[in-house]
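A.B. asks: attaching a predicted model along with its sequence, questions to come.
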Amino acid sequence: MLNVSNAVVRYGAITALHGVSFNVEAGEIVTLLGANGAGKTTTLRMLSGLHAPSEGSITFEGRNITATKAHQFTSLGISHVPEGRRIFPQMTVEENLEMGAFGRRGSFSEDMEKMYATFPILKDRRKQMGGNLSGGEQQMLAIARALMGQPRLLLLDEPSMGLAPMIVETIFRIIGEIRDSGTTVFLVEQNAAQALRLADRGYVMENGRIVFSDSAAKLLTDERVRAVYLGEAV
Amino acid sequence: MRAFLRRPIVRRFFMIGAAMAALEVMTGPPGSTEAPTAGFAGSFTQPSPFFGLFSTVRWVVFLFLAVVIWAIVTLWSIQGAAIKRSVTTVTAVPRAATQRKSVRRGLGVVLLIVALILPHVITDPFWQAAMVEQIAVYVLLAMGLNVVVGFAGLLDLGFVAFYAIGAYTTAWVTGALPTPPLFGVDLNPFFAIPIAIAIAMLSGVLLGAPTLRLRGDYLAIVTLGFGEIITIFANNLYGITGGSQGTGVIPHPSIDLGPLHYVWGLTPVPYYYLTIVFVVIFLIAFSLLEHSRVGRAWTAIREDEVAAESVGINPLKYKVMAFAIGASTAGFAGVVTASQSNNIFPSSFTLFFSINILVLVIFGGMGSIAGVVLGAVLIQTVSMYLLHSPPAGYQSADLYIYLGALLILMMIFRPVGVLPSRRRKREIGLAESGEGHMDEVLTGDTP
């Protein structure tokens, strides 16, 4: 579905990604793990058109999307839940969801009801300002807003960041449900244990390179991963 | 003694007193080289009427003012909450009523009728001219700038450029410039309307497309430069614009359709009605726009550009659109000014003009159409009043001291403007309570 090959991303003189290659197949949850500064967010910025790779290519469903601009991604079928959620703080929950369907023509009220069914708390908060929601609610709103664009691939950047463990649990459960309903998920996470339990496959990044990859089950038991990301003594 | 001086109520008195003393010196007589301190001393000791009641010296008047201000501020700090509460109770009913659409429409119609009969009530020629040149045209300009600053959140300091382009285009097509007219014949200024709007819009796109990638202060600087460039062009391209001498005579618009024959002459009232017609058209168009898909895209960009992109909004496209719409409104205002005043000079298109329009928008309430219309009418009426019947000792440049003071007070006590839009009120309210960020336009940074 999504294919990245030998992508190099530079910020001026600094190279953030040194030829990264990976792929995501339809129906999977693929997770990208790595410590701070490994290049996870850069990878996602690249995948959502915020920073074009200077070398290498990205293809989505057979189309080359390397030079596609950020605002064109939703119409391709890729929605991005940005790091730090970035909901519209002074719009109501309802208006935020409406904005998610901005690129679509026709009625989207059915989808809105679907979102309220998936995230009942958002229905209760329908008329509240996005900025007045709690962190967990904002994260749910950000995911719901992205889903309003009817993506086939959903990119999630650190959905667990700054949230209470119980809420992280809920959000990960919902990510699982999203995959089960047919949307492919690419998940960037620091919370490796939780991400690997949910994901089908995983890639591990270090210093702007993918150092190894495997099925999530294997990575969970991999010594290197356990030592570095799960914080367990081996 | 120290504890006494430290009490807020006492400290406040000294602070207000010091501010009044500074004001006293600033407004006092000038000094001279022979007696450098004479002006300073005179600021306090010069005789002065006590609000026309009896005569005394200046320091008594200022001390009295200081005490009055101190009393008001102190009363407010003690009883402010109670006063606010009683004001809110009194205004609750009319406030709730204006939320209703039917009431708003009705109010709009009433105001329109008032605007229509106004020239028959106010027959003073100064005011009739001012109503067109200084109020109706400024309402149009403020409405146009409101699309750029209020809706899309872009700080444009060169708005005058598009106004100048509109005015000079009118001069061009009507054959008032040294260059031959656009179509070889001198056209009626009515035909200048679509042409000026189109050219202003085009220049908005041309300026916007490369520069609207910039944000906040950077954009403000670029637009400021553009405004200056247009004025300098108008001043220096003698062969094209007539330079600082101004243009030739721009004809008045006229209608000549068989039996229907009318010439807009030297009297301002017909222009007033012409402008009101367009104000109403723009008013309706902009309020539809505000609640359209485009309006929502502007709101999204204003709140968070990255998020807006992630839901599929092309920020550049919508920003350029806002710029072009604002520019075309200013272009139209330029046509009215040019055809009404007969000739135009580069000296009327200054940076100060842009800032003046921005003041109207901020004062009225950014993003609120009703607010900016009200703001423009209020401020322009006050400045025209001061020009028409100046108080003793008033000089025309003093206006800006008063406007500046007014803006500072507004920023302290009502930063949302006189008649804020509901969303803007929420935005600033949230920012004040520490959630979200203060507007990008005002601070120049994005979160």
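C.D. replies: Received the coordinates, thanks. Nothing here was measured: the structure is a model prediction, and the numbers come from that model.
A.B. asks: helix, strand or coil for A:Ile87?
C.D. replies: coil (DSSP: H, G, I helix; E, B strand; the rest coil).
A.B. asks: repeat for A:Asn23
C.D. replies: strand.
A.B. asks: for it, which non-adjacent residue is closest in space?
C.D. replies: Spatially, and ignoring its direct neighbours in sequence, A:Asn23 is nearest to A:Asn3 (4.8 Å; CB to CB, 6 or more residues apart in numbering or on different chains). Every residue, glycine included, has its C-beta placed from N, CA and C.
A.B. asks: now do the contacts for A:Ile87.
C.D. replies: For A:Ile87, the contacting residues are A:Asn96, A:Gly130, A:Gly131, A:Leu133, A:Gln138, A:Leu141, A:Ala142, A:Arg145, B:Asp304, B:Ala307, by CB atoms under 8 Å, 6 or more residues apart in numbering or on different chains.
A.B. asks: ok, now with 6 Å
C.D. replies: Taking CB atoms under 6 Å, 6 or more residues apart in numbering or on different chains, we find A:Ile87 in contact with A:Asn96, A:Gly130, A:Gln138, A:Leu141, A:Ala142.
A.B. asks: quick one, grab the pLDDT at the residue nearest to the third one when sequence neighbours are not counted.
C.D. replies: Nearest-residue entry for A:Gln138: A:Arg85, 4.8 Å, with adjacent residues in sequence omitted and distances by CB to CB, 6+ apart. Model confidence at A:Arg85, given as pLDDT, is 85.
A.B. asks: that older thread, which of the contacts of A:Ile87 are buried, as a ChimeraX select command?
C.D. replies: To isolate the buried members of these in ChimeraX, using 16 or more other CB atoms under 10 Å in any protein chain shown:
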select /A:96,130,138,141,142
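A.B. asks: which one of the contacts of A:Ile87 is nearest to A:Lys123?
C.D. replies: Ranked by distance to A:Lys123 (CB to CB), those are led by A:Leu141 at 11.5 Å.
A.B. asks: backbone dihedrals for that closest one, please?
C.D. replies: Dihedral angles phi and psi of A:Leu141 (degrees, to the nearest 10) take the values phi -60, psi -40.
A.B. asks: any regions of chain A where pLDDT drops low?
C.D. replies: Chain A contains residues with pLDDT under 70 at A:230-234.
A.B. asks: the strands in it, which residues?
C.D. replies: Assigned strands in chain A, in chain order: A:2-11, A:14-24, A:29-34, A:55-60, A:63-64, A:78-81, A:153-157, A:184-189, A:201-206, A:209-215 (criterion: DSSP state E).
A.B. asks: likewise for chain B?
C.D. replies: Along chain B, counting by DSSP E, strands occupy B:47-50, B:54-57, B:254-257, B:260-263.
A.B. asks: just the helices from chain A, written as ranges.
C.D. replies: A:40-47, A:73-76, A:93-100, A:109-118, A:120-124, A:135-147, A:165-180, A:192-198, A:216-221, A:223-228 (DSSP state H).
A.B. asks: between the ones you listed, which one is nearest to B:Lys101?
C.D. replies: B:Lys101 sits nearest to helix A:93-100 of all the helices of chain A, at 18.8 Å, using CB to CB.
A.B. asks: my read is that B:Asp186 contacts B:Ala176, right?
C.D. replies: No - in this structure, B:Asp186 is not within contact of B:Ala176 by CB atoms under 6 Å, at 8.2 Å.
A.B. asks: neighbour count winner among the two?
C.D. replies: Ranked by neighbour count (other CB atoms under 10 Å in any protein chain shown), B:Asp186 and B:Ala176 place B:Ala176 first, with 24 against 14.
A.B. asks: quick one: contacts for the residue nearest to B:Gln46 when sequence neighbours are not counted?
C.D. replies: Take B:Gln46 and drop its neighbours on the chain: the residue closest to it by CB to CB, 6+ apart is B:Arg58, 5.2 Å away. Contact analysis of B:Arg58 by CB under 6 Å, 6+ apart lists B:Phe44, B:Gln46, B:Ser48.
A.B. asks: mind listing what's buried in stretch A:10-30?
C.D. replies: Within stretch A:10-30, the residues that count as buried by 16+ other CB under 10 Å are A:Ala16, A:Leu17, A:His18, A:Gly19, A:Val20, A:Phe22, A:Val24, A:Glu28, A:Ile29, A:Val30.
A.B. asks: dump these into a markdown table; add distance to chain B as well.
C.D. replies: Output for these, formatted as a markdown table (distance: CB to the nearest CB, whole Å):
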| residue | distance to chain B |
| --- | --- |
| A:Ala16 | 18 |
| A:Leu17 | 20 |
| A:His18 | 25 |
| A:Gly19 | 26 |
| A:Val20 | 21 |
| A:Phe22 | 21 |
| A:Val24 | 18 |
| A:Glu28 | 22 |
| A:Ile29 | 20 |
| A:Val30 | 20 |
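A.B. asks: which residue is nearest the middle of the chain?
C.D. replies: Just going to use chain A. A:Leu156 (1.3 Å; CA atoms, centre = their mean).
A.B. asks: chain B was what I was after
C.D. replies: Central residue of chain B (CA atoms, centre = their mean): B:Leu360, at 2.2 Å.
A.B. asks: surely that residue touches B:Leu140?
C.D. replies: No - between B:Leu360 and B:Leu140 there is no contact under CB under 6 Å: 10.9 Å.
A.B. asks: quick check: the residue of the stretch 251-400 of chain B nearest chain A.
C.D. replies: B:Gly312 (3.4 Å; CB to the nearest CB).
A.B. asks: contact partners for that residue?
C.D. replies: Contacts for B:Gly312 (CB under 6 Å, 6+ apart) come out as A:His71, A:Thr74, A:Phe102, A:Gly103.
A.B. asks: want to throw the helices of chain A into JSON lines with distance to B:Ala152?
C.D. replies: Listed next are those as JSON lines, based on distance: least, CB to CB, whole Å:
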{"stretch": "helix A:40-47", "distance to B:Ala152": "25"}
{"stretch": "helix A:73-76", "distance to B:Ala152": "21"}
{"stretch": "helix A:93-100", "distance to B:Ala152": "15"}
{"stretch": "helix A:109-118", "distance to B:Ala152": "26"}
{"stretch": "helix A:120-124", "distance to B:Ala152": "28"}
{"stretch": "helix A:135-147", "distance to B:Ala152": "21"}
{"stretch": "helix A:165-180", "distance to B:Ala152": "34"}
{"stretch": "helix A:192-198", "distance to B:Ala152": "39"}
{"stretch": "helix A:216-221", "distance to B:Ala152": "45"}
{"stretch": "helix A:223-228", "distance to B:Ala152": "47"}
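A.B. asks: out of those helices, which gets nearest to B:Leu75?
C.D. replies: That would be helix A:93-100 among the helices of chain A, by CB to CB, at 41.3 Å.
A.B. asks: just the buried residues of stretch A:87-106, please?
C.D. replies: Neighbour-count burial for stretch A:87-106 flags A:87-103 (criterion: 16+ other CB under 10 Å).
A.B. asks: cool, and stretch A:213-233?
C.D. replies: Buried residues in stretch A:213-233, defined by neighbour count with 16+ other CB under 10 Å: A:Ser213, A:Asp214, A:Ala216, A:Leu219, A:Leu220, A:Asp222, A:Val225, A:Arg226, A:Val228, A:Tyr229.
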